[in-house]
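Colleague: I'd like to go over a predicted model; first the sequence, then the structure.
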Amino acid sequence: QLVWKGKDALDGEDLVAEAPPIYIQEKIDPRVLIENLRDTAARPENEPELTLFESFDGLEGLDAVEFYKHDANWSNRMILGDSLNVMASLSEREALRGKVQMIYIDPPYGIDFRSNWQASARSRAVTDGDLAHASREVEQIRAFRDTWALGINSYLTYLRDRLAAASELLTDNGSIFVQIGSRNAHLVAALMAEVFGPDNHVETIAFRKKTMPLGGRLLEGAYDYLVWYAKDKEQVKYRALYQEKRVEGDTHWTLGISESQGVFPLTSSQIRNHSLLEESTDVGQLISLYPVGPFATGIYDFEYLGKTYKLPPGKSWPSPREGMERLAAAGRLQPYDSGKSLRYLLKLSDYPVTVYNNVWADTSAATGMSYAVETSPKVVQRCMLMTTDPGDLVVDPTCGSGTTAFVAEQWGRRWITVDTSRVALALARQRVMAAKFPYYLLADSADGRNKQSEVSAQPLPAMDVGHDIRHGFVYERVRHITLKSLANNPDIARNSSAEDIDAAIRRHAEFESLYDKPYEDKKKVRVTGPFTVESLSPHRSLGFAGGAVDELGAVNEDKVSDASDGDASFEQTILANLRTAGIQNGWKGERLAFDTVEVYAGAYIQAVGAREEATDGSPGRVGVTVGPQYGTVGPSFIKDAAREANRDGELDLLCILAFAFDPSVLGTSDGYVASEEGFAEVAAERRLGRVPVLLVRMNADLVMGEELKKTGAGNLFTVFGEPDIDVKTEGEQLRVVLNGVDVYDPNTGEIRSDETDQIALWMIDTNYNGESFFVRHCYFTGNQKPYERLKKALKAEIDEEAWTELYGTVSRPFARPDSGRVAIKVINDYGDEVLKVFEV
């Protein structure tokens, strides 16, 4: 068994993991986005308000924009959170134990601190050891510090816990794949053997990761590995996948077969280059007719073409005499060795494919990558098609750029994907939301049944269709003609014509389904089905411009003394750095510098900074509240801290320092109103009562200790730029304008608006109900244009101007909502979210 430090303390005990509830943050239906765009382009005065499963029609040239519906109106899921907690919650709270068909895990390949995470959605450049490329998300830094503190020992504990949680989710015939590099492949294999049992190892697959070698001092590794285990190998679901059999250049295949020439020997040039042959020419080889063990019914002399062939001692023919007669009638017997014996003519067309083995040489790196460690979709696709059917549930606890979700969506599988990185989910959300897929014919549909009947050349019995994806697709098939099937074919007779014999062979031949080649309906465009974005925190939104205040508290909104886990040294470190670094807004020279930072004995306010040279309008006495070391600051925390600042009576400004803010509180510049507290709304300024509140993001270097040197005092405390949004009225309709990003100037105490360069995408719920965010409009302001492929497919249905609007900062017009509220969510390149709600 594999032994590592810390393992003994865990052996013999059940895995204990928190199973928190999972909350929906966004509901996204890409078909609604496209249909709204198409309909708005045609009739700007009337935007349709569509439900998740309302059908579309009326498209010219295309029958419909479709998605595959799953049982019980299932919506796929993208979840932000630690994979261990999420998988535990799926098992315990959501009754998915034993319901998952396949799990695909792509963990970090190594354990060095240099293994960074991508920090921005705009650039996938990640250089190991480069401070500029280290992740700045505290969840991920915490994952590193907590997980790899003991090096490889921690890595193995991390993996074992997640494998144990995954095994609870798998169905009895389910499979799990772990993608890993050569450095740790042997450790992962041993670990999986302990969790799943050595008898349940199915295979270890090597797949090519590099197109060409780059050179190195020692032997270069061009392959990574997939360790495949089954929950129960005896029951595991397996669908064989096939590739074209390539025999060009193979000196075993030395014969040509054509109508004009019959069976003829190939020249050496023709063996090497089949393009020299006529298009309809088949190729073949001669193989022995003698089975390994002789049959009593196959021992006899056989006459063929006027010559009697006798068996060597201990041999027999492969079938009784009538079977050999059928082989002769089908033209499958050929004299061999100057007529001394007979051989069987095997044609390439008998079985033109071969089953994939455990070496995949055609899977080099993904193209058009948006994520630093993106896996080629072909790798995930093969795993999925081998071990699942349409409608099965697939889970990926390591989302990354969303490759597993993308592939599952393409092939009609249900999916749940999880990640701790906001950048990863921002990329995955964008990738899946804008995807375009082929529409594969469903077996349980009228068109599918017609195609199935056509392919099989047999009528199907009449029955009602329900478009149930669990019945699968209609797949291409390849004929599998064997010596046995020919010898046992009762319709082959010696005096039959060649056409009759070919027809008899086709009728009785076996077929293999090509699960990676379903038939398509070219007149339908398929987009991603409904999916949700979820997290381990409740959905919360703040009211703006007179809206109601949300009273829900965040999970980590206890008093700071508790939220910091009792670690006074953490607060001391923060305040010491604040004293020397000050607070800046990202612009050179715009810094809130302190002469002194003194400890303040408050429940929420830990310190007060004094500025002796403060000018008019610039704050002189600044309260400082330090948020939790690990966790998110939400609205209740901010409100309570503001109460304390107002009671002080001498503070000019309250700075709330945190590593992460709840999306709803980042958008409080439009005012936060609670009449019972006497708070007043002040235009263009965030105030909770008399004291303005400034939200300050702390650099994650502050929790990295000595493992990462300071990147300089200039960016330890930075004011987060908030989007400046207007909702404008145009007659009976509304339009949202993203003006820029509000930046606070600490030198003047004023807010100014800058450009929207750092915004990746922004979304609108045009009829917000306060419970969850349903994406009805989505705009991409980053460099990429994810809708380009979809645009080509729908070019006749949506005009160019409507497509252009998808990449702008002004929304299309929409009707006033029945709910009276419009919500706008803005996501920047670092995955940070701002949610703003307007009463209209």
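Modeller: That came through, no problem.

Colleague: Domain-wise, how is the chain divided?
Modeller: 79-242+357-437, 543-719, 722-839 (automatic domain parsing).

Colleague: Can you list the low-confidence ranges for the stretch 451-600 of the chain?
Modeller: Within the stretch 451-600 of the chain, the segments meeting pLDDT under 70 span 537-568, 585-590.

Colleague: can we see that at 90?
Modeller: 455-467, 493-510, 522-530, 534-600 (pLDDT under 90).

Colleague: ok, which stretches of the stretch 551-700 of the chain are helices?
Modeller: 560-563, 568-581, 635-648 (DSSP state H, counting those that start in this stretch).

Colleague: ok, back up a step: and the domains of the chain, which one averages the lowest pLDDT?
Modeller: Least confident of those, judged by mean pLDDT, is domain 543-719 with a mean of 64.

Colleague: mind listing the strands for the stretch 151-300 of the chain?
Modeller: 170-180, 201-208, 223-230, 242-244, 255-258, 262-265, 282-288 (DSSP state E, counting those that start in this stretch).

Colleague: any chance of the ones you listed in a markdown table, with distance to L694 and mean neighbour count too?
Modeller: C-beta here means a position set from N, CA and C on the backbone, and glycine is covered the same way. As requested, the strands of the stretch 151-300 of the chain are arranged in a markdown table below (distance: least, C-beta to C-beta, whole Å; neighbours: other C-beta atoms under 10 Å):
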| stretch | distance to L694 | mean neighbour count |
| --- | --- | --- |
| strand 170-180 | 44 | 23 |
| strand 201-208 | 50 | 18 |
| strand 223-230 | 47 | 22 |
| strand 242-244 | 61 | 14 |
| strand 255-258 | 82 | 18 |
| strand 262-265 | 87 | 12 |
| strand 282-288 | 77 | 17 |
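
Colleague: do you know which of those lies nearest A189?
Modeller: strand 223-230 (5.1 Å; C-beta to C-beta).

Colleague: In terms of secondary structure, what does the closest one contact?
Modeller: Packing partners of strand 223-230 (3 or more C-beta pairs under 8 Å, 6 or more residues apart in numbering; DSSP states H and E): strand 170-180, helix 185-196, strand 201-208, helix 377-387.

Colleague: ok, the shortest one: who's next to it in the sheet?
Modeller: Next to strand 201-208 in the sheet, as set by DSSP bridges, lie strand 223-230 (antiparallel), strand 359-360 (parallel).

Colleague: Of the strands of the stretch 151-300 of the chain, which is nearest I271?
Modeller: The nearest among these, by C-beta to C-beta, is strand 282-288 at 8.6 Å.

Colleague: In its sheet, which strands sit next to the closest one, and in what direction?
Modeller: For strand 282-288, using DSSP bridges, the partner strands are strand 255-258 (antiparallel), strand 341-347 (antiparallel).

Colleague: Any idea which of those strands gets closest to Y104?
Modeller: Of all the strands paired with strand 282-288, it is strand 341-347 that lies closest to Y104, at 38.0 Å by C-beta to C-beta.

Colleague: How far off centre is that closest one?
Modeller: Put simply, strand 341-347 sits 50 Å off its chain's centre (C-alpha atoms, centre = their mean, to the nearest Å).

Colleague: measure stretch 310-320 end to end?
Modeller: 14 Å (C-alpha to C-alpha, to the nearest Å).

Colleague: That one: which residues count as buried?
Modeller: 311, 316-319 (16 or more other C-beta atoms under 10 Å).

Colleague: again, but for stretch 235-255
Modeller: For stretch 235-255, a neighbour-count test (16+ other C-beta under 10 Å) marks 236-237, 241-242, 247, 253-255 as buried.

Colleague: ok, now how distant is E92 from Q629?
Modeller: Note on E92: its distance to Q629, by C-beta to C-beta, to the nearest Å, is 27 Å.

Colleague: So the two - more neighbours on which side?
Modeller: Taking other C-beta atoms under 10 Å, E92 and Q629 do not tie; Q629 has more neighbours (21 against 15).

Colleague: Near the residue nearest to that one when sequence neighbours are not counted, how many residues? Count them for me, please.
Modeller: Using C-beta to C-beta, 6 or more residues apart in numbering and skipping the chain neighbours, the partner closest in space to Q629 is F570 (5.1 Å). Neighbours of F570 under the rule other C-beta under 10 Å: 17.

Colleague: Surely F570 and G627 touch.
Modeller: No - the pair F570 / G627 is not scored as a contact, 10.6 Å apart, by C-beta atoms under 8 Å.

Colleague: sec struct for the nearest residue to D724 once chain neighbours are set aside, please.
Modeller: Leaving aside its sequence neighbours, D724 sits nearest to N739 (C-beta to C-beta, 6+ apart; 4.2 Å). Using DSSP: H, G, I helix; E, B strand; the rest coil, the structure places N739 in strand.

Colleague: show me what contacts N739?
Modeller: 724-726, 753, 809 (C-beta atoms under 8 Å, 6 or more residues apart in numbering).

Colleague: can you do 10 Å?
Modeller: By C-beta atoms under 10 Å, 6 or more residues apart in numbering, N739 lies in contact with 723-726, 753-756, 809-810.

Colleague: now the residues you listed: which count as buried?
Modeller: The neighbour-count criterion (16+ other C-beta under 10 Å) marks 723-725, 754, 756, 809 among those as buried.

Colleague: okay if I get these as TSV plus secondary structure?
Modeller: What follows is the buried ones among the contacts of N739, written out as TSV (three-state DSSP):
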residue	secondary structure
P723	strand
D724	strand
I725	strand
D754	strand
T756	coil
T809	coil
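
Colleague: Quick check: neighbours of the helix or strand hosting M102 in the sheet, parallel or antiparallel?
Modeller: In this assignment (DSSP states H and E), M102 forms part of strand 100-105. Sheet pairing for strand 100-105, assigned by DSSP bridges, gives strand 170-180 (parallel), strand 393-396 (parallel).

Colleague: Can you tell me the number of residues neighbouring T308?
Modeller: 8.

Colleague: typed the wrong thing, it's R93
Modeller: 12.

Colleague: Please list all residues in contact with it.
Modeller: Contacts of R93 (C-beta under 10 Å, 6+ apart): 19-22.

Colleague: thinking again about what came up before, mind checking which of the helices of the stretch 551-700 of the chain is nearest S75?
Modeller: helix 635-648 (27.3 Å).

Colleague: by contact count, what packs against that closest one?
Modeller: For helix 635-648, the elements it packs on are helix 560-563, strand 621-626, strand 653-658, strand 693-698, judged by 3 or more C-beta pairs under 10 Å, 6 or more residues apart in numbering; DSSP states H and E.

Colleague: In it, which residues are buried?
Modeller: 635-646, 648.

Colleague: Now distance to A405 too, for the residues you listed, in JSON lines please.
Modeller: Converted to JSON lines, the buried residues of helix 635-648 look like this (distance: C-beta to C-beta, whole Å):
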{"residue": "P635", "distance to A405": "31"}
{"residue": "S636", "distance to A405": "33"}
{"residue": "F637", "distance to A405": "33"}
{"residue": "I638", "distance to A405": "34"}
{"residue": "K639", "distance to A405": "37"}
{"residue": "D640", "distance to A405": "39"}
{"residue": "A641", "distance to A405": "38"}
{"residue": "A642", "distance to A405": "40"}
{"residue": "R643", "distance to A405": "43"}
{"residue": "E644", "distance to A405": "44"}
{"residue": "A645", "distance to A405": "44"}
{"residue": "N646", "distance to A405": "46"}
{"residue": "D648", "distance to A405": "49"}
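
Colleague: Now flag whichever of these is closest to E512.
Modeller: For the buried residues of helix 635-648, the nearest to E512 is P635 (59.4 Å; C-beta to C-beta).

Colleague: The closest one and D662 touch, don't they?
Modeller: Yes - the pair P635 and D662 qualifies as a contact (C-beta atoms under 10 Å) at a distance of 6.8 Å.

Colleague: just to revisit the earlier point, now which of the contacts of R93 would you call buried?
Modeller: Buried among the contacts of R93 by 16+ other C-beta under 10 Å: 19-20, 22.
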